[in-house]
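1. I'd like to go over a predicted model; first the sequence, then the structure.
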Amino acid sequence: MANNHHPRTVLGSLAAGADRAARITHTEHMPPRPGRHADWPDRIRAEVVESVRQTGVGRPWQHQAQIASLALDGVSAVVATGTASGKSLAYLAPTLSALLDGAEAPNGRGATTLYLAPTKALAADQRRKVATLAAPLGDAVRPAVHDGDTAPEEREWARTYANYLLTNPDMLHRGILPQHSRWASFLRALRYVVVDECHTYRGVFGSHVAQVLRRLRRVCARYGADPVFLLASATSADPGEAATRLTGLPVTAVTEDASPRGELLFALWEPPLTELAGEHGAPVRRTATAETAELLTDLAVQGVRTVAFVRSRRGAELIALIAQDRLGQVDRSLPGRVAAYRGGYLPEERRSLERALHSGELLGLAATNALELGVDVAGLDAVLITGYPGTRASLWQQAGRAGRTGEGALAVLVARDDPLDTYLVHHPESIFRHPVEATVLDPDNPYVLAPHLCAAAAETPLTEKDAELFGPEFSDLVAQLEQRRLLRRRARSWYWTRRERAVDLTDIRGSGGRPVQVVESGTGRLLGTVDADAAHTAVHDGAVHLHQGRTYVVRSLDLEDSVALVEESSPPWTTMARDTTSVSVLETETEVPWGRGRLHFGSVEVTHQVVSYLRRKIVTGEVLGETKLDLPPRILRTRAVWWTVTEDQLDAATVGPEILPGALHAAEHASIGLLPLFATCDRWDIGGVSVPLHPDTLLPTVFVYDGHAGGAGFAERAFRTAREWLTATGEAIASCECESGCPSCIQSPKCGNGNDPLHKAGAVRLLRELLAGAAEEPTTDTGPSGTADGTPEG
């Protein structure tokens with residue numbers, strides 16, 4: 001950061017406005033750290049070492065040399081170090097060396113490398129890095145990107161000539177593995193598989209990717225290849241165990257970060273209360289979106305290069321839109337230097353934005369996590385994080401985007417008006433004094449594994465030997481698939497014999513069907529897509545949809561044809577869907593007595609229906625009205641944690657029948673809000689229901705469930721950490737300054753019941769009574785957890 005952009009100076013200027021200093025609840029200063037060098041292993045080719053030296057890297061950091069050495073020894077390894085610590089070079093040096101060795105081998109193609117990225121943006125960025133390092137090496141290294149944006153003729157070239165293939169798990173699942181015979185020469189020579197940003201493969205998505213990697217290993221074995229896996233991860237708890245679960249192989253972890261770090265100033269920022277009243281007269285804070293847009297405007301005016309990370313596509317568009325409008329009032333040349341970057345854009349739009357950011361043409365970018373993942377954006381001075389991103393790993397990943405060249409940087413977490421963000425900005429130790437979470441996944445989830453067994457059988461027939469690769473559920477699931485006539489047994493093998501493609505049985509990102517196309521009704525122009533699971537909430541009739549700074553209103557959603565027709569319009573509001581949910585218990589797997597109460601974990605069936613949407617003023621969030629919707633219910637079989645209380649406990653907590661529904665409902669909302677502190681999830685990915693008398697338990701009951709078929713591990717993690725989780729929930733409600741409940745404690749933005757009834761004091765008393773009887777929570781702390789496509793709370 002240049003002298004005039006020193007982090008303390010920049011933060012001071014942001015805090016200089018009226019009442020702004022009071023919005024900073026905490027600042028954390030992280031001093032610079034020196035780096036520790038090593039030498040490249042002797043077996044790294046001299047040409048590669050020289051090529052690296054030409055990019056300005058004289059000697060590697062110690063962790064880079066360690067990974068290179070393990071790779072050369074044929075040991076699968078994961079490097080889990082901080083952002084901008086040079087993880088790419090750690091795997092590029094040995095893989096490029098192998099390609100050079102292979103080019104000199106007498107058998108022609110020699111060696112190949114497969115690189116997997118979770119996003120197209122990251123693959124494109126890595127392609128640039130590989131090309132730079134490969135330039136002095138002649139045609140011995142032939143990199144190519146092969147993803148959904150790649151033109152047919154380029155795909156053909158990649159399949160025929162490339163020896164460093166950059167793709168994503170989706171293309172591996174849908175394109176490469178089903179057509180493995182066309183890739184035979186590449187797979188036969190496969191020496192290394194690089195799995196970048198592997199901490200993002202968690203929950204259901206991670207479980208799907210784990211099975212795709214097992215299928216890759218199986219197909220490689222058919223061609224006589226046994227590749228070494230090299231994984232790169234953000235700092236996380238036990239990355240070696242997570243990488244082992246992901247790949248199914250023993251993986252050695254390198255976790256000591258030897259790279260230098262520039263100074264980082266990290267501020268926690270809470271937007272102020274407004275004069276407005278929310279639902280039931282609750283106090284309302286200024287939205288994090290509006291606050292971030294204002295901060296982005298101020299930073300752009302000062303010439304401070306900034307990325308504002310935001311959770312949703314709509315939020316990214318909205319922040320860019322507000323900032324552009326305000327910048328236009330300052331200087332007409334400035335609005336064009338701020339833009340939005342998100343998934344769902346067309347390929348040419350994404351590439352154009354990436355180029356503008358790299359060149360410095362853009363001063364400010366409002367981005368979803370499509371940009372978070374490893375894209376090397378040099379020269380950023382500041383990062384704004386709009387709301388806690390769900391995990392500490394992701395928080396540090398985003399904060400690390402600034403100051404990547406080793407200079408000082410500023411990071412600001414702008415709190416949303418919800419229980420978790422409010423808790424964090426007033427409990428900074430939860431961010432700065434706690435380790436990052438473990439990346440946990442559950443590859444044995446039968447809902448995940450079954451379709452991959454069909455895909456594997458289509459690739460090459462299954463045999464009993466495959467049980468070793470696919471795990472303990474293999475035999476039972478194969479028998480079920482045979483019974484359902486999805487697989488057919490001949491002799492000692494199982495075959496896929498249907499006409500349709502087996503890989504079409506599942507979407508590995510769990511989006512529950514083909515994406516909905518967003519089409520401009522007047523012109524027929526395709527604006528972008530929305531995941532099928534999100535369609536009911538994002539592009540229902542009347543929804544406001546933002547794309548490239550333009551505002552559209554959905555005129556009709558056709559679920560059968562997966563098309564949402566929109567018209568350009570600029571209403572002064574945004575929309576937010578509301579839903580209703582009911583839960584029935586299918587099976588109780590585990591239960592623990594908590595005094596007279598009980599804590600349960602098991603399988604449930606959730607019936608979920610979007611019933612209406614709210615219109616809210618754009619900047620203030622004030623509710624303008626509610627409109628009913630007629631959408632079909634969706635049924636989900638998943639996993640849940642639930643707790644029950646007895647009449648005696650209600651009497652002890654002085655929670656009578658008149659306040660019981662509100663007390664349970666408030667405890668449910670707040671517990672969902674706090675769960676991301678204990679499971680690597682997001683409050684939008686989990687759901688809940690509270691019932692004063694549930695027909696299955698015959699007691700007052702609160703459920704919290706995973707928002708994905710078969711479960712994603714959140715509920716199990718909640719069960720494992722229930723005492724700590726519910727204690728934090730009670731503290732968060734009790735410490736909130738409001739009188740009877742607000743969005744910072746017990747109100748939920750997506751409550752299908754309009755946040756009614758809620759009883760704040762009753763929830764505090766009820767949780768205290770429940771926890772008073774709590775035994776030590778179950779000691780096993782390894783429940784799978786991660787990200788699912790969500791079903792929100794009730």
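-> That came through fine.
2. C-alpha only now, for contacts and for neighbours.
-> Fine.
3. Pull out the buried residues from stretch 417-433.
-> Applying a neighbour-count criterion of 16 or more other C-alpha atoms under 10 Å, one finds 417-426, 428, 431 buried in stretch 417-433.
4. And stretch 319-329, by the same measure?
-> Of the residues in stretch 319-329, 319-327 count as buried by neighbour count, 16+ other C-alpha under 10 Å.
5. Just the C-alphas of that stretch, formatted as PDB.
-> Extracted C-alpha coordinates of stretch 319-329, given in PDB (Å, rounded to 0.1, in the frame of the first residue of the first chain):
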ATOM      1  CA  ILE A 319     -23.400  -2.400  -4.200                       C
ATOM      2  CA  ALA A 320     -21.900  -1.600  -7.700                       C
ATOM      3  CA  LEU A 321     -25.100   0.200  -8.700                       C
ATOM      4  CA  ILE A 322     -25.300   2.400  -5.600                       C
ATOM      5  CA  ALA A 323     -21.500   3.200  -5.700                       C
ATOM      6  CA  GLN A 324     -21.700   4.100  -9.400                       C
ATOM      7  CA  ASP A 325     -24.600   6.400  -8.700                       C
ATOM      8  CA  ARG A 326     -22.800   8.200  -5.900                       C
ATOM      9  CA  LEU A 327     -19.500   8.400  -7.700                       C
ATOM     10  CA  GLY A 328     -21.300  10.100 -10.700                       C
ATOM     11  CA  GLN A 329     -22.200  12.900  -8.300                       C
END
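6. that older thread, redo the buried residues of stretch 417-433 as a markdown table? Include pLDDT.
-> Formatted as a markdown table, these follow (pLDDT from 0 to 100):
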| residue | pLDDT |
| --- | --- |
| Asp417 | 87 |
| Asp418 | 83 |
| Pro419 | 86 |
| Leu420 | 85 |
| Asp421 | 91 |
| Thr422 | 90 |
| Tyr423 | 87 |
| Leu424 | 91 |
| Val425 | 93 |
| His426 | 90 |
| Pro428 | 94 |
| Ile431 | 92 |
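7. any weak-confidence spans in the stretch 601-750 of the chain?
-> Low-confidence segments of the stretch 601-750 of the chain, defined by pLDDT under 70: 682-684, 750.
8. ranges for the helices of it?
-> 647-652, 660-674, 714-720, 722-735 (DSSP state H, counting those that start in this stretch).
9. Take those and lay them out in TSV including mean neighbour count and distance to Ala90.
-> Shown next, in TSV, are these (neighbours: other C-alpha atoms under 10 Å; distance: least, C-alpha to C-alpha, whole Å):
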stretch	mean neighbour count	distance to Ala90
helix 647-652	15	58
helix 660-674	27	37
helix 714-720	27	33
helix 722-735	20	38
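10. any chance of these in a markdown table, plus distance to Ile508?
-> Formatted as a markdown table, the helices of the stretch 601-750 of the chain follow (distance: least, C-alpha to C-alpha, whole Å):
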| stretch | distance to Ile508 |
| --- | --- |
| helix 647-652 | 44 |
| helix 660-674 | 25 |
| helix 714-720 | 18 |
| helix 722-735 | 30 |
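11. what about the ones you listed, which gets the closest to Tyr495?
-> helix 714-720 (34.5 Å; C-alpha to C-alpha).
12. In the stretch 351-500 of the chain, what residue spans correspond to helices?
-> Using DSSP H, counting those that start in this stretch, helices in the stretch 351-500 of the chain cover 392-399, 419-426, 429-432, 446-459, 467-470, 474-483.
13. Looking at those helices, spot the one closest to Ala158.
-> Here helix 446-459 is closest among these (C-alpha to C-alpha), at 21.0 Å.
14. what angle separates the closest one from helix 474-483?
-> Calculated by axes from the mean of the first three to the mean of the last three C-alpha atoms, to 10 degrees, helix 446-459 forms an angle of 70 degrees with helix 474-483.
15. helices or strands up against helix 446-459?
-> For helix 446-459, the packing partners by 3 or more C-alpha pairs under 8 Å, 6 or more residues apart in numbering; DSSP states H and E come out as helix 203-222, helix 474-483, strand 493-495.
16. what does that helix rub up against?
-> 177-180, 204, 207-208, 211-212, 215, 219, 443, 462, 473, 477-478, 481, 486-487, 494-497, 501-503, 505-506, 709-710 (C-alpha atoms under 8 Å, 6 or more residues apart in numbering).
17. Next, the buried residues of it.
-> 446-459.
18. and which of the residues you listed is nearest to Gly687?
-> Nearest to Gly687 among these is Tyr447, at 18.9 Å by C-alpha to C-alpha.
19. Among the helices and strands packed on helix 446-459, which comes closest to Glu104?
-> That would be helix 203-222 among the helices and strands packed on helix 446-459, by C-alpha to C-alpha, at 22.4 Å.
20. Could you give the backbone dihedrals for Asp507?
-> The phi/psi pair for Asp507 (degrees, to the nearest 10) reads phi -110, psi 120.
21. What separation do you get for it and Thr25?
-> 42 Å (C-alpha to C-alpha, to the nearest Å).
22. and the two? which has more neighbours close in?
-> Asp507 (18 against 15; other C-alpha atoms under 10 Å).
23. which residues does the residue lying closest to Gly303 once chain neighbours are set aside contact?
-> With C-alpha to C-alpha, 6 or more residues apart in numbering as the criterion, Gly303 has its nearest non-adjacent residue at 6.8 Å, and that residue is Leu363. Each residue near Leu363 by C-alpha under 8 Å, 6+ apart is listed here: 300, 303-306, 337-338, 357.
24. Next one, pLDDT for Leu363 please.
-> What the model reports for Leu363 is a pLDDT of 92.
25. where's it relative to Gln397, distance?
-> In terms of C-alpha to C-alpha, Leu363 sits 20 Å off from Gln397.
26. Now Ala21: closest residue in space that isn't a chain neighbour?
-> Ala15 (4.7 Å).
27. That neighbour - how many residues pack around it?
-> 17.
28. Pretty sure it sits against Arg8.
-> No - using C-alpha atoms under 8 Å, Ala15 makes no contact with Arg8, being 10.4 Å away.
29. Find the residues that touch each one of those two.
-> Joint contacts of Ala15 and Arg8 (C-alpha under 8 Å, 6+ apart) do not exist.
30. Gly364 pairs with what?
-> Counting by DSSP bridges, Gly364 is bridged to Thr306, Val338.
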